[in-house]
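Novice: whatever this is, show me its structure:
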Amino acid sequence: MHHHIFPALPINRVVVANPSPAPAFYRLRDVMRISALSRSTIYRRIAEGRFPAPVHLGGRASAWPCSSLQLWIDNPEKYRTSALQN
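Specialist: Numbers count the residues shown, from 1 in each chain. So this is what the prediction gives:
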């Protein structure tokens, strides 16, 4: 006779102990990974108004706000910066 101490879990179930919150800002390396775009393509699209620009964090540091990236992720083909929409 076989006794189970733990209930059987589906094979495809993923258990996350302590999910970490999303960062408020993403650095260029993260933006390149998230967008699958190269550095030069990101900066070209920023100049064209087709990708969100980074914000200055102080010193030489800049990063992209999570909310700005999410707007682009939601609709990358139709994304335009607000300055160009007026």
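Novice: rest of the way, CA atoms for contacts and neighbours
Specialist: Will do.
Novice: and the strands in this structure, which stretches?
Specialist: Taking DSSP state E as the criterion, the chain carries its strands at 25-26, 55-58, 61-65.
Novice: kindly reformat those strands as TSV containing mean pLDDT.
Specialist: Formatted as TSV, the strands of the chain follow (pLDDT from 0 to 100):
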stretch	mean pLDDT
strand 25-26	96
strand 55-58	95
strand 61-65	96
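Novice: so of the ones you listed, which one's packed in deepest?
Specialist: Of these, the one with the most neighbours on average (mean count of other CA atoms under 10 Å) is strand 25-26, at a mean of 18.
Novice: which outside residues touch that strand?
Specialist: 63-66 (CA atoms under 8 Å, 6 or more residues apart in numbering).
Novice: before we move on, back to that, now tabulate the strands of the chain in TSV and tack on distance to Leu71.
Specialist: Formatted as TSV, these follow (distance: least, CA to CA, whole Å):
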stretch	distance to Leu71
strand 25-26	14
strand 55-58	15
strand 61-65	10
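Novice: which among those is found nearest to Lys78?
Specialist: strand 61-65 (18.8 Å; CA to CA).
Novice: and of the contacts of strand 25-26, the nearest to Val31?
Specialist: Trp64 (7.7 Å).
Novice: can you pull the contacts of the residue nearest to that closest one when sequence neighbours are not counted?
Specialist: Nearest-residue entry for Trp64: Pro54, 4.4 Å, with adjacent residues in sequence omitted and distances by CA to CA, 6 or more residues apart in numbering. Each residue near Pro54 by CA under 8 Å, 6+ apart is listed here: 62-65.
Novice: so what's Val31 up against?
Specialist: Trp64.
Novice: start to end distance for stretch 56-71?
Specialist: One end of stretch 56-71 sits 19 Å from the other (CA to CA, to the nearest Å).
Novice: how about residues contacting that stretch?
Specialist: Residues contacting stretch 56-71 (CA under 8 Å, 6+ apart): 22-28, 31, 52-55, 79.
Novice: how close does the residue most central in space within the chain get to Leu69?
Specialist: The centroid of the chain falls nearest to Ile34 when counting by CA atoms, centre = their mean (5.2 Å). Using CA to CA, Ile34 is found at 9 Å from Leu69.
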